[in-house]
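sequence and predicted structure below; questions after.
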Amino acid sequence: MEPFADYAKHDAVGLSGLVADGDIHPLELVEAAAARMAAVNPAVNAVIRERIDAARLEAASGDHGGPFGGVPILIKDLVVEEGAPVSFGSVFLRNYVGDETSEFRHRITRAGFVDLGRTNTPEFGLLPTTEPVLNGPTRNPWDLSRSAGGSSGGAAAAVAAGFVPLAQASDGGGSIRIPASTTGLFGLKPSRGRGPRRPGGAIDYLSTEHAVTRTVRDSAAFLDVIHGAVPGDRYWAPPPTARFAEAVDREPGRLAVAFSIRDFRGDRVHPECEAAVLETAALLEGLGHNVVESDPGIDGATMASAFLEMWAALAAHAFSLVLETASERMTGVRRLRRLAGDRRTMRLIALLDQRESGLPAFEPFTFALAQRSSVRSQADLQNAETALQAVAHQTGDFLTDHDVFLTPVLGSPPVPIGTFDQTLPWDELIEMVYRYVAFTPLGNFAGLPAMSVPLHWTPDGLPVGSHFLGRFGSEEGLLSLASQLESAQPWVDRRPPLSA
């Protein structure tokens, strides 16, 4: 069957409508996506594990129910599915196969999507760039020398390059919004509790799952099929007043918008990131919104330090799961763990695995984070959580007077591949991360919805997103605002040079 020639002209909602009306067969969509992946993926390295043959069988089966029936999708290599390989971007877990399927993955299946494969991610999703040792770097379709961001860098590069209209993504510190900004896409991070958190291993309260998309309506329609906590989840977001897709067709009303062009430590960002915010503020004012320059007055140094403690604890949690995996596959490791403790055991595991694979079992940044957590006490982690909760309350108070808070997404436009060199001294590397990812973590630990909207491009053609933070549970309002901005300053037809 011939590929669908106009595939890239349609978003996911448009493609699902064509399938539902009988104007196109899902197999044609799979062939179109496969052809684009074959042509461009060798250059961008967005997809690290294909399942095209299986997708063809699924598309040909004739069972295409659900609101996205027959539409191709790609899944990030952090999502667990029973019987399917998932490496989490880690050399050590390169041969791991999932033993259960996450509720989020079940909902993607029930929505009717056809899964084409897995997208690249940094090890355990910890870095704001996608350059894992295991799979190599994902390159930005706008400039192959640049990073596509992280940790959903593979997902964003795949959508920007035209493989699929949307791709599943997740966000624990900016991992949807960062790559959306660097690749010229729309990226919404939902409120805490908006989506399901089963299985039980996904217990951290920072991460949420959603997608990167080319259009606002795709993001809204996707949220309609994946939202809703499950019994036993720690957090529940308030139910929407209607379908999220309906918010796209509503005017947002006159909003009170605060904006800032400095990060929370008072540092200036790159001039192009400043320009993006100032242009967006002017656009909002022209659309009738009340725009003022203001910020919550957050102590950025305290926030950054406390968030690092939380991030280190996530790395340590990942390592604890790795220890369990190792104890099942390596003779004597369970006994050694009892005798020597986690830190020395991890070094032993790394040494044994490196002898087998020829690659370092774990990357330096991951190991350093886990080691940092191993020498901290439970009181240190509790103090960090308390400090972040204080910032969350401060931000909540600020958002009682302002509907949304506008900032840059990042401290600079897309950075060159290799910028976050893990062999750099720790203090130097972490300072680079602080300055680059200064804005997005606030939405995660405060549990607030946030989005990156592609409204600015640099003179040399690199996309720079604008970041909006909303009140808890206010996805409908953010989607209405994003739709208004999309109509006022369309971006959907702006395609990168390396686009299928």
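Everything's here; your move. Numbering: from 1, shown residues only.

what about this protein, any weak spots by pLDDT?
Along the chain, the parts satisfying pLDDT under 70 run over 1-2, 200-204, 323, 325-346, 500.

now the strands for it?
Counting by DSSP state E, the chain forms strands over residues 47-50, 72-76, 114-119, 139-140, 143-147, 166-171, 186-189, 208-213, 256-259, 290-293, 404-408, 450-457, 463-470, given from the N-terminal end onward.

is it true that residue 495 touches residue 159?
No: the pair residue 495 / residue 159 is not scored as a contact, 11.1 Å apart, by C-beta atoms under 8 Å. Backbone N, C-alpha and C define where each C-beta goes, glycine included.

of these two, which one has the most company?
In this comparison of residue 495 against residue 159, neighbours counted by other C-beta atoms under 10 Å, the higher total goes to residue 159 at 33 against 17.

return the residues in contact with the spatially most central residue of the chain.
Relative to the mean C-alpha position of the chain, the nearest C-alpha, by C-alpha atoms, centre = their mean, is the one of residue 176, at 2.6 Å. Listed by C-beta atoms under 8 Å, 6 or more residues apart in numbering, the contact set of residue 176 reads 152, 169-170, 187-189, 210-212, 452.

let me know the closest of the residues you listed to residue 241.
residue 188 (17.2 Å; C-beta to C-beta).

circling back: how about the strands of the chain in TSV, adding distance to residue 86 and mean neighbour count?
Formatted as TSV, the entries for the strands of the chain read as follows, by distance: least, C-beta to C-beta, whole Å; neighbours: other C-beta atoms under 10 Å:
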stretch	distance to residue 86	mean neighbour count
strand 47-50	9	20
strand 72-76	9	28
strand 114-119	7	26
strand 139-140	23	28
strand 143-147	23	19
strand 166-171	13	28
strand 186-189	22	32
strand 208-213	14	30
strand 256-259	39	20
strand 290-293	44	14
strand 404-408	33	26
strand 450-457	26	26
strand 463-470	28	27
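
and those: which comes nearest residue 321?
Evaluated over the strands of the chain, closeness to residue 321 peaks at strand 166-171, with 16.5 Å, by C-beta to C-beta.

got the contact list for that closest one?
11-12, 73-76, 78-79, 104, 108, 119, 125, 151-152, 155-156, 158-159, 175-177, 179, 187, 189, 207-214, 218-219, 222, 440, 444.

and it, how far from the chain's centre?
Centroid separation between strand 166-171 and its chain, computed with C-alpha atoms, centre = their mean, to the nearest Å, is 5 Å.

and stretch 121-141, by the same measure?
What separates the centre of stretch 121-141 from the centre of its chain is 12 Å, taken as C-alpha atoms, centre = their mean.

ok, now stretch 245-252?
In this view, stretch 245-252 has its centroid 24 Å away from the chain centroid, taken as C-alpha atoms, centre = their mean.

please shift the residue numbers so they start at 34 in all later answers.
Fine by me, first position is 34 from now on; the one you just mentioned is stretch 278-285.

got the buried residues for that stretch?
278, 280-281, 285 (16 or more other C-beta atoms under 10 Å).

kindly report the same for stretch 423-437.
424-425, 427-428, 431-432, 435-437.

send the alpha carbons of that stretch over as CSV?
Below are the C-alpha coordinates for stretch 423-437, written out as CSV (Å, rounded to 0.1, in the frame of the first residue of the first chain):
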residue,chain,number,x,y,z
ALA,A,423,7.1,27.1,51.0
VAL,A,424,8.0,28.2,47.4
ALA,A,425,4.9,26.4,46.1
HIS,A,426,2.7,28.3,48.6
GLN,A,427,4.4,31.6,47.7
THR,A,428,3.7,30.9,44.0
GLY,A,429,0.1,29.9,44.8
ASP,A,430,-0.4,33.2,46.6
PHE,A,431,1.1,35.1,43.6
LEU,A,432,-1.3,33.3,41.2
THR,A,433,-4.3,34.4,43.2
ASP,A,434,-3.6,37.9,41.8
HIS,A,435,-2.5,36.8,38.4
ASP,A,436,-4.1,34.2,36.1
VAL,A,437,-0.8,33.1,34.5
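
hmm, who's touching it?
Around stretch 423-437, the neighbours that count as contacts under C-beta under 8 Å, 6+ apart are 288-291, 325, 327-332, 335-336, 339, 438, 475, 478-481, 501-505, 507, 510-511, 514.

same question for stretch 299-319.
Counting by C-beta under 8 Å, 6+ apart, stretch 299-319 makes contact with 288, 290, 292-296, 324, 326, 333, 439-446, 468, 471, 486, 488-489, 491, 495, 497-499, 518, 521-522, all of which sit outside it.

now with 6 Å, please.
Stretch 299-319 has contacts (C-beta atoms under 6 Å, 6 or more residues apart in numbering) with 290, 292, 294-295, 324, 441, 444-446, 488-489, 491, 497, 499.

same deal with stretch 129-136?
By C-beta under 6 Å, 6+ apart, the list of residues contacting stretch 129-136 reads 113-115, 117-119, 229, 231-232, 263.

at 10 Å what do you get?
In this structure, residues lying in contact with stretch 129-136 by C-beta atoms under 10 Å, 6 or more residues apart in numbering are 111-121, 123, 138, 141-142, 228-235, 242, 259, 261-263, 266, 355, 358, 362.
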